[in-house]
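K.L.:
sequence unavailable; structure follows:
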Ligand SMILES: Nc1nc2c(ncn2[C@@H]2O[C@H](COP(=O)(O)OP(=O)(O)OP(=O)(O)O)[C@@H](O)[C@H]2O)c(=O)[nH]1
Ligand SMILES: [Mg+2]
């Protein structure tokens, strides 16, 4: 299959990687789409089956510029000024200002070099970004107040490897359909762009294709405009570590991209002096067709990957150990908890969206009981619908669990809003019938842990823990067991002596209340998962007779 170069609106801030700009995932059978918006370096690169299919214009990474000024000459000039060799005051001033300009240029070059940072094991160029938010007048539409939402956006930008140099917000009745913000605000941001050397402007809400285009035009130059969704997609793109996650992210990026493919080819008409009028429009159609084909191919590939995972899951189900899923806001401590309880080594760090792929590990309790614990992708407010849809299949694991453990960072000032945001996503996933347990994590970080613990005791189904220190983990396991018991059925079965392995499975997956040895076998009274109870049916009958 081959794909042609197409011109696309920017999906996200370009994270310039030194040396290997495109090849990070080259061995994976995925489509990798990276974009820049400068018309001179508009690129779409598609990688399939580990092969680079087509590449055009490699002029993407800003080349490191060599020092523009001759340091020696500059030092001599400076000496002359300080030694009073310059004859007149105007000469002095001229030399001074020339020196300042050259020094600034050299500092810029130095800071340019310093802006290459190691990010997720890759060296990336930190673009200077400026954040913009809109607060709706009288609207209780959003969970977070604008300042907090922008703070979170800054965290997202930092996670993506960008350098935030400023931010602003505006109160509006409703967003401007052309530019999202008002014209005065556009002008204000434009001045900030010049003053701060901004390269990317990030909006806290999803922008339409027209708004993106109009804003880029208004800001002028090479300034890139993107929105929260594109930024999150970019982080996911950087973090996707498995084949399935990479496919899901690529699909979400393309679906985000499709409606935004407009009017990018009008430069062709201008170059041809109007003789090829309509050519731009045609090219958009071609681009859209290419993208739709790619989306189709990706969906098929995802389907086959999922089939595989399902088969694996079915095999797992044959041993009916209850599955407990950890859900929660990003950075709440889900992976830390999984690691602590199971000795797993899932990446846990103080960054948003550290985890994308589910990881399942066995938890062995002190009383011999077991359950499987699954760590999942974190949620966030204003989670793009394209992403929820893309990750639906991964999150389906959640819908097959016996219990959902909602992990909350109780030390976070917006813990309550984060709980609401998580509940909102869970309601979209249709998992309301699964029992839930809430964990207030990071209790070691709050000012008054005792007060928080007392508050938790007053509530039903809340346990206080510190995943980091291990405090409260025994209570957590007991609470999980109690909750699991609610979803199990009571059985009394007579297990023949030659079925010893069944007896140990009952101990493993259920909660045994009593065992008695009789002439015909072992009489067991226990709570067991429904699926397993069915397996015991013949023995239950024996018991009844
Ligand atoms: N003080 C304190 N820090 C914690 C605790 N649990 C987790 N953390 C820290 O919180 C940060 C985020 O932890 P993770 O386990 O990566 O959070 P997560 O919920 O898996 O995050 P995502 O994968 O991004 O959704 C890390 O820096 C952890 O060390 C805790 O109980 N106390
Ligand atoms: Mg995690």
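P.N.:
Received, thanks. What you see is a predicted model; the values in this text were computed from it and never measured. Ligands and ions are numbered 1, 2, ... in the order given.

K.L.:
C-alpha only now, for contacts and for neighbours.
P.N.:
Will do.

K.L.:
show the average pLDDT along the lengthiest helix in the chain.
P.N.:
Longest helix in the chain by number of residues (criterion: DSSP state H): helix 279-317. Regarding helix 279-317, the rounded mean pLDDT is 78.

K.L.:
name the helices or strands packed onto the next helix-or-strand element following that helix?
P.N.:
For helix 279-317, the succeeding helix or strand toward the C-terminus, using DSSP states H and E, is strand 323-328. The elements that strand 323-328 packs onto, with contact taken as 3 or more Cα pairs under 8 Å, 6 or more residues apart in numbering; DSSP states H and E, are helix 334-342, strand 370-375, strand 403-409.

K.L.:
where do the strands sit along the stretch 151-300 of the chain?
P.N.:
163-172, 200-203, 224-227 (DSSP state E, counting those that start in this stretch).

K.L.:
okay if I get these as TSV plus mean pLDDT and mean neighbour count?
P.N.:
Converted to TSV, those look like this (pLDDT from 0 to 100; neighbours: other Cα atoms under 10 Å):
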stretch	mean pLDDT	mean neighbour count
strand 163-172	94	17
strand 200-203	96	26
strand 224-227	92	26
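
K.L.:
can I get those in CSV with distance to residue 449?
P.N.:
Listed next are the strands of the stretch 151-300 of the chain as CSV, based on distance: least, Cα to Cα, whole Å:
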stretch, distance to residue 449
strand 163-172, 34
strand 200-203, 37
strand 224-227, 38
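
K.L.:
including distance to ligand 1, could the ones you listed go into JSON lines?
P.N.:
Output for these, formatted as JSON lines (distance: least, Cα to the nearest ligand atom, whole Å):
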{"stretch": "strand 163-172", "distance to ligand 1": "20"}
{"stretch": "strand 200-203", "distance to ligand 1": "21"}
{"stretch": "strand 224-227", "distance to ligand 1": "20"}
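
K.L.:
count the neighbours of the residue in the stretch 401-545 of the chain that ligand 2 sits nearest to for me.
P.N.:
The nearest approach of the stretch 401-545 of the chain to ligand 2 comes at residue 407, 10.9 Å away (Cα to the ion). When counting by other Cα atoms under 10 Å, one arrives at 28 neighbours for residue 407.

K.L.:
which strand residues bridge it?
P.N.:
residue 328, residue 439 (DSSP bridges).

K.L.:
figure out which of the strands of the stretch 151-300 of the chain is closest to residue 351.
P.N.:
For the strands of the stretch 151-300 of the chain, proximity to residue 351 was assessed by Cα to Cα; strand 163-172 is nearest, at 14.8 Å.

K.L.:
next one, pLDDT for residue 345 please.
P.N.:
At residue 345, the pLDDT recorded in the model is 86.

K.L.:
make sure it is actually in contact with residue 337.
P.N.:
No: using Cα atoms under 8 Å, residue 345 makes no contact with residue 337, being 10.7 Å away.

K.L.:
those two: who's more crowded?
P.N.:
residue 337 (26 against 11).

K.L.:
return the residues in contact with that one.
P.N.:
Neighbouring residues of residue 337 by Cα atoms under 8 Å, 6 or more residues apart in numbering: 467-468.

K.L.:
count of residues packed around residue 328?
P.N.:
For residue 328, using other Cα under 10 Å, the count is 30.

K.L.:
which ones are touching it?
P.N.:
334, 378-379, 406-408, 419, 422.

K.L.:
the closest residue to residue 218 other than its chain neighbours and residue 473: what is the separation?
P.N.:
Ranked by Cα to Cα, 6 or more residues apart in numbering and with sequence neighbours excluded, the top spatial neighbour of residue 218 is residue 186, at 7.4 Å. Here residue 186 is placed at a distance of 51 Å from residue 473 (Cα to Cα, to the nearest Å).

K.L.:
again, but for residue 508
P.N.:
Taking Cα to Cα as the measure, residue 508 falls 20 Å from residue 473.

K.L.:
leaving out sequence neighbours, find the closest residue to residue 507.
P.N.:
Per Cα to Cα, 6+ apart, closest to residue 507 is residue 369, 6.4 Å.

K.L.:
residues from the protein in reach of ligand 1?
P.N.:
Taking Cα under 6 Å from any ligand atom as the contact definition, the chain meets ligand 1 at 330-336, 348-350, 352-355, 377-378, 441-442, 444-445, 466-468.

K.L.:
repeat that with 5 Å
P.N.:
By Cα under 5 Å from any ligand atom, the residues of the chain that approach ligand 1 are 330-336, 348-350, 352-355, 378, 442, 466-468.

K.L.:
tell me the bridge partners for residue 363.
P.N.:
residue 371.

K.L.:
got any ranges where the stretch 101-250 of the chain has weak pLDDT?
P.N.:
Within the stretch 101-250 of the chain, the segments meeting pLDDT under 70 span 101-113, 118-123, 138-141.

K.L.:
tell me where it has helices.
P.N.:
In the stretch 101-250 of the chain, helices defined by DSSP state H, counting those that start in this stretch lie at 146-160, 183-196, 209-219, 228-239, 243-257, listed in chain order.

K.L.:
as CSV, these with distance to residue 310 and mean neighbour count would be great.
P.N.:
Output for the helices of the stretch 101-250 of the chain, formatted as CSV (distance: least, Cα to Cα, whole Å; neighbours: other Cα atoms under 10 Å):
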stretch, distance to residue 310, mean neighbour count
helix 146-160, 32, 20
helix 183-196, 49, 15
helix 209-219, 37, 19
helix 228-239, 23, 23
helix 243-257, 13, 23
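
K.L.:
in CSV, list these along with distance to residue 485.
P.N.:
Listed next are the helices of the stretch 101-250 of the chain as CSV, based on distance: least, Cα to Cα, whole Å:
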stretch, distance to residue 485
helix 146-160, 39
helix 183-196, 58
helix 209-219, 51
helix 228-239, 37
helix 243-257, 33
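
K.L.:
which one of these lies nearest to residue 481?
P.N.:
Using Cα to Cα, the helices of the stretch 101-250 of the chain put helix 243-257 closest to residue 481, at 31.4 Å.

K.L.:
follow-up on the earlier one: ok, the residue nearest to residue 218 - contacts?
P.N.:
215, 218-219.

K.L.:
which of those residues lies closest to ligand 2?
P.N.:
Closest to ligand 2, out of all of these and judged by Cα to the ion, is residue 215, at 35.0 Å.

K.L.:
mind checking how far the nearest residue to the closest one once chain neighbours are set aside is from residue 142?
P.N.:
Once flanking residues are discounted, residue 215 sits nearest to residue 179: 5.8 Å by Cα to Cα, 6+ apart. To residue 142, residue 179 is 20 Å away according to Cα to Cα.

K.L.:
the two: which is more packed in?
P.N.:
Between residue 179 and residue 142, residue 179 has the larger neighbour count (other Cα under 10 Å), namely 20 against 14.

K.L.:
so that one makes contact with residue 211?
P.N.:
Yes: using Cα under 8 Å, residue 179 is in contact with residue 211, at 4.8 Å.

K.L.:
now the strands for the stretch 351-500 of the chain?
P.N.:
359-364, 370-375, 403-409, 436-441, 462-464, 488-495.

K.L.:
how about the strand or helix carrying residue 533: buried residues?
P.N.:
For residue 533, the host element (DSSP H and E) is helix 530-535. Of the residues in helix 530-535, 532-533 count as buried by neighbour count, 16 or more other Cα atoms under 10 Å.

K.L.:
what's the answer for stretch 407-427, then?
P.N.:
407-411, 415, 417-419, 421-423, 425-426.

K.L.:
would you list the residues you listed in CSV and tack on pLDDT?
P.N.:
Output for the buried residues of stretch 407-427, formatted as CSV (pLDDT from 0 to 100):
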residue, pLDDT
407, 98
408, 98
409, 97
410, 97
411, 96
415, 95
417, 93
418, 95
419, 96
421, 92
422, 93
423, 92
425, 86
426, 88
